[in-house]
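>>> Could you work out the structure for the sequence below:
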Amino acid sequence: MTDLRVSQTSIPGLLHIDLVLHHDGRGWFKESFQRAKLEALGFPPFEIVQSNVSYNAEVGVTRGIHAEPWDKFISLAHGRAFAAIVDLRAGESFGRVETFELHPGNAIFVPHGCGNSYQTLTPDVVYSYLVNEHWTPDARYTLIQAFDPALGIEWPIGEDKAIRSDKDRGHPPLSALAATGA
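Below is the predicted model of the structure:
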(Lines give C-alpha, C1' and ligand atoms only; values in the text may rest on other atoms or scores of the structure.)
Protein backbone atom coordinates (compact mmCIF):
# COMPACT_ATOMS: atom_id res chain seq x y z
CA MET A 1 0.00 0.00 0.00
CA THR A 2 1.41 3.36 -0.97
CA ASP A 3 -1.35 5.68 0.25
CA LEU A 4 -3.01 6.07 3.62
CA ARG A 5 -6.72 5.45 3.10
CA VAL A 6 -9.79 5.44 5.35
CA SER A 7 -12.83 3.50 4.13
CA GLN A 8 -16.36 3.33 5.50
CA THR A 9 -17.97 -0.08 5.98
CA SER A 10 -21.58 -1.25 6.11
CA ILE A 11 -21.57 -0.76 9.91
CA PRO A 12 -21.93 2.94 10.82
CA GLY A 13 -18.70 4.25 12.36
CA LEU A 14 -16.67 1.09 11.65
CA LEU A 15 -13.70 2.13 9.52
CA HIS A 16 -11.05 0.19 7.61
CA ILE A 17 -7.69 1.92 7.28
CA ASP A 18 -4.95 1.08 4.78
CA LEU A 19 -1.63 2.03 6.36
CA VAL A 20 1.67 2.73 4.62
CA LEU A 21 4.55 0.33 5.29
CA HIS A 22 8.02 1.63 4.48
CA HIS A 23 10.30 -1.34 3.73
CA ASP A 24 14.08 -1.48 3.57
CA GLY A 25 16.77 -4.07 4.18
CA ARG A 26 16.19 -3.93 7.94
CA GLY A 27 12.46 -4.60 7.87
CA TRP A 28 9.61 -2.09 7.83
CA PHE A 29 8.29 1.02 9.59
CA LYS A 30 4.76 2.39 9.80
CA GLU A 31 2.87 5.18 11.45
CA SER A 32 0.24 3.04 13.17
CA PHE A 33 -1.83 6.07 14.12
CA GLN A 34 -1.17 9.62 12.91
CA ARG A 35 -4.07 11.85 13.98
CA ALA A 36 -3.58 14.77 11.59
CA LYS A 37 -3.26 12.58 8.50
CA LEU A 38 -6.22 10.39 9.49
CA GLU A 39 -8.49 13.32 10.36
CA ALA A 40 -7.71 14.89 6.97
CA LEU A 41 -9.19 11.71 5.47
CA GLY A 42 -12.39 11.91 7.54
CA PHE A 43 -11.34 9.96 10.63
CA PRO A 44 -13.44 11.06 13.65
CA PRO A 45 -11.99 12.79 16.73
CA PHE A 46 -10.34 10.12 18.89
CA GLU A 47 -8.67 11.05 22.18
CA ILE A 48 -6.34 8.16 23.06
CA VAL A 49 -5.90 7.47 26.77
CA GLN A 50 -4.57 3.90 26.77
CA SER A 51 -2.51 1.62 24.52
CA ASN A 52 -2.84 -2.17 24.86
CA VAL A 53 -1.08 -5.14 23.30
CA SER A 54 -2.16 -8.76 23.18
CA TYR A 55 0.33 -11.45 22.18
CA ASN A 56 -0.93 -14.74 20.75
CA ALA A 57 1.60 -17.53 20.28
CA GLU A 58 -0.50 -20.04 18.37
CA VAL A 59 -2.57 -20.20 15.19
CA GLY A 60 -6.30 -20.44 15.95
CA VAL A 61 -6.43 -18.28 19.07
CA THR A 62 -9.95 -16.83 18.99
CA ARG A 63 -10.95 -13.93 21.25
CA GLY A 64 -14.33 -12.29 21.71
CA ILE A 65 -16.96 -11.25 20.73
CA HIS A 66 -16.79 -8.33 23.19
CA ALA A 67 -18.39 -4.91 22.84
CA GLU A 68 -16.55 -2.51 25.09
CA PRO A 69 -17.79 0.90 26.26
CA TRP A 70 -15.05 2.74 24.33
CA ASP A 71 -13.83 3.23 20.79
CA LYS A 72 -10.92 1.09 19.65
CA PHE A 73 -8.23 1.51 16.96
CA ILE A 74 -6.72 -1.90 16.14
CA SER A 75 -3.50 -2.59 14.24
CA LEU A 76 -1.21 -5.62 14.19
CA ALA A 77 2.52 -5.26 14.84
CA HIS A 78 3.21 -8.82 13.69
CA GLY A 79 1.34 -11.68 12.02
CA ARG A 80 -2.09 -12.03 10.46
CA ALA A 81 -5.53 -12.34 12.00
CA PHE A 82 -9.13 -12.66 10.88
CA ALA A 83 -11.32 -10.03 12.56
CA ALA A 84 -15.10 -10.20 12.88
CA ILE A 85 -17.03 -7.12 14.02
CA VAL A 86 -20.73 -7.27 14.96
CA ASP A 87 -22.91 -4.23 15.50
CA LEU A 88 -24.57 -4.75 18.90
CA ARG A 89 -26.04 -1.26 19.16
CA ALA A 90 -29.81 -0.84 19.02
CA GLY A 91 -30.95 0.22 15.57
CA GLU A 92 -31.19 -0.74 11.95
CA SER A 93 -27.69 -2.25 11.76
CA PHE A 94 -28.03 -4.42 14.88
CA GLY A 95 -26.52 -7.85 14.18
CA ARG A 96 -24.71 -6.73 11.01
CA VAL A 97 -21.27 -8.36 10.60
CA GLU A 98 -18.11 -7.19 8.83
CA THR A 99 -14.95 -9.28 8.55
CA PHE A 100 -11.37 -8.34 7.71
CA GLU A 101 -7.98 -9.93 7.41
CA LEU A 102 -5.67 -7.86 9.60
CA HIS A 103 -1.92 -7.54 9.04
CA PRO A 104 0.66 -4.82 9.79
CA GLY A 105 -0.42 -2.87 6.68
CA ASN A 106 -3.97 -2.14 7.79
CA ALA A 107 -6.08 -1.22 10.82
CA ILE A 108 -9.71 -0.94 11.85
CA PHE A 109 -11.55 1.57 14.01
CA VAL A 110 -14.34 -0.05 16.04
CA PRO A 111 -16.89 2.33 17.59
CA HIS A 112 -18.10 1.57 21.12
CA GLY A 113 -21.07 -0.76 21.17
CA CYS A 114 -19.76 -2.91 18.32
CA GLY A 115 -18.55 -6.36 19.31
CA ASN A 116 -15.06 -7.20 18.15
CA SER A 117 -13.25 -10.47 17.91
CA TYR A 118 -10.34 -12.02 16.10
CA GLN A 119 -8.72 -15.32 15.24
CA THR A 120 -4.99 -15.70 14.65
CA LEU A 121 -3.95 -17.01 11.23
CA THR A 122 -0.20 -17.14 11.93
CA PRO A 123 1.91 -17.82 15.02
CA ASP A 124 3.18 -14.91 17.11
CA VAL A 125 0.41 -12.41 16.38
CA VAL A 126 0.94 -9.08 18.15
CA TYR A 127 -2.46 -7.33 18.35
CA SER A 128 -2.16 -3.69 19.37
CA TYR A 129 -5.05 -1.35 20.12
CA LEU A 130 -5.66 2.18 21.28
CA VAL A 131 -8.73 3.19 23.28
CA ASN A 132 -10.33 6.45 24.35
CA GLU A 133 -11.39 5.37 27.87
CA HIS A 134 -9.38 3.80 30.65
CA TRP A 135 -10.09 0.19 31.45
CA THR A 136 -11.72 -0.33 34.85
CA PRO A 137 -12.94 -3.50 36.55
CA ASP A 138 -16.42 -1.95 36.58
CA ALA A 139 -16.57 -1.49 32.80
CA ARG A 140 -19.70 -3.07 31.31
CA TYR A 141 -19.20 -5.26 28.25
CA THR A 142 -21.75 -6.80 25.94
CA LEU A 143 -20.67 -10.34 25.10
CA ILE A 144 -21.95 -12.82 22.52
CA GLN A 145 -20.96 -16.23 21.23
CA ALA A 146 -18.39 -16.00 18.40
CA PHE A 147 -19.55 -19.24 16.75
CA ASP A 148 -23.27 -18.45 16.89
CA PRO A 149 -24.58 -19.68 13.49
CA ALA A 150 -27.01 -16.75 13.40
CA LEU A 151 -24.05 -14.40 12.87
CA GLY A 152 -22.94 -16.22 9.71
CA ILE A 153 -19.26 -15.61 10.40
CA GLU A 154 -17.07 -17.86 8.25
CA TRP A 155 -14.15 -18.35 10.65
CA PRO A 156 -11.05 -19.64 8.84
CA ILE A 157 -10.48 -22.12 11.68
CA GLY A 158 -13.54 -24.01 12.89
CA GLU A 159 -14.89 -24.05 16.41
CA ASP A 160 -13.46 -27.54 17.04
CA LYS A 161 -9.88 -26.32 16.48
CA ALA A 162 -10.18 -22.77 17.80
CA ILE A 163 -8.26 -21.97 20.98
CA ARG A 164 -10.69 -20.11 23.25
CA SER A 165 -11.09 -19.24 26.90
CA ASP A 166 -13.79 -20.93 28.95
CA LYS A 167 -15.27 -17.48 29.50
CA ASP A 168 -15.62 -16.82 25.75
CA ARG A 169 -17.20 -20.26 25.21
CA GLY A 170 -19.90 -19.37 27.72
CA HIS A 171 -21.20 -16.21 26.04
CA PRO A 172 -24.86 -16.16 24.93
CA PRO A 173 -26.03 -16.18 21.31
CA LEU A 174 -27.15 -13.03 19.52
CA SER A 175 -30.81 -13.99 19.98
CA ALA A 176 -30.45 -13.71 23.78
CA LEU A 177 -29.14 -10.18 23.39
CA ALA A 178 -31.87 -9.24 20.92
CA ALA A 179 -34.47 -10.49 23.41
CA THR A 180 -33.22 -8.00 25.99
CA GLY A 181 -33.80 -5.10 23.60
CA ALA A 182 -30.14 -4.27 22.99
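>>> In which helix or strand does the residue most central in space within the chain reside?
Using Cα atoms, centre = their mean, the residue of the chain that lies closest to the mean C-alpha position is Asn116, 4.6 Å off. When elements are assigned from DSSP states H and E, Asn116 belongs to strand 114-120.
>>> repeat for Trp70
In this structure, Trp70 sits in neither a helix nor a strand according to DSSP H and E.
>>> How about Ser75?
Secondary-structure element containing Ser75, defined by DSSP H and E: strand 72-78.
>>> Check which residues of stretch 4-21 are buried.
Of the residues in stretch 4-21, Leu4, Val6, Thr9, Ile11, Gly13, Leu14, Leu15, His16, Ile17, Leu19, Val20, Leu21 count as buried by neighbour count, 16 or more other Cβ atoms under 10 Å. (Glycine included, C-beta is placed from N, CA and C.)
>>> Adding secondary structure and pLDDT, write the residues you listed out as JSON lines.
Listed next are those as JSON lines, based on DSSP: H, G, I helix; E, B strand; the rest coil; pLDDT from 0 to 100:
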{"residue": "Leu4", "secondary structure": "coil", "pLDDT": "97"}
{"residue": "Val6", "secondary structure": "strand", "pLDDT": "97"}
{"residue": "Thr9", "secondary structure": "coil", "pLDDT": "98"}
{"residue": "Ile11", "secondary structure": "coil", "pLDDT": "98"}
{"residue": "Gly13", "secondary structure": "coil", "pLDDT": "97"}
{"residue": "Leu14", "secondary structure": "coil", "pLDDT": "98"}
{"residue": "Leu15", "secondary structure": "strand", "pLDDT": "98"}
{"residue": "His16", "secondary structure": "strand", "pLDDT": "98"}
{"residue": "Ile17", "secondary structure": "strand", "pLDDT": "98"}
{"residue": "Leu19", "secondary structure": "coil", "pLDDT": "97"}
{"residue": "Val20", "secondary structure": "coil", "pLDDT": "96"}
{"residue": "Leu21", "secondary structure": "strand", "pLDDT": "96"}
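>>> could the residues you listed be laid out in a markdown table, adding distance to Val110?
Conversion of these to a markdown table gives the following (distance: Cβ to Cβ, whole Å):
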| residue | distance to Val110 |
| --- | --- |
| Leu4 | 19 |
| Val6 | 14 |
| Thr9 | 10 |
| Ile11 | 9 |
| Gly13 | 8 |
| Leu14 | 6 |
| Leu15 | 9 |
| His16 | 11 |
| Ile17 | 11 |
| Leu19 | 16 |
| Val20 | 21 |
| Leu21 | 22 |
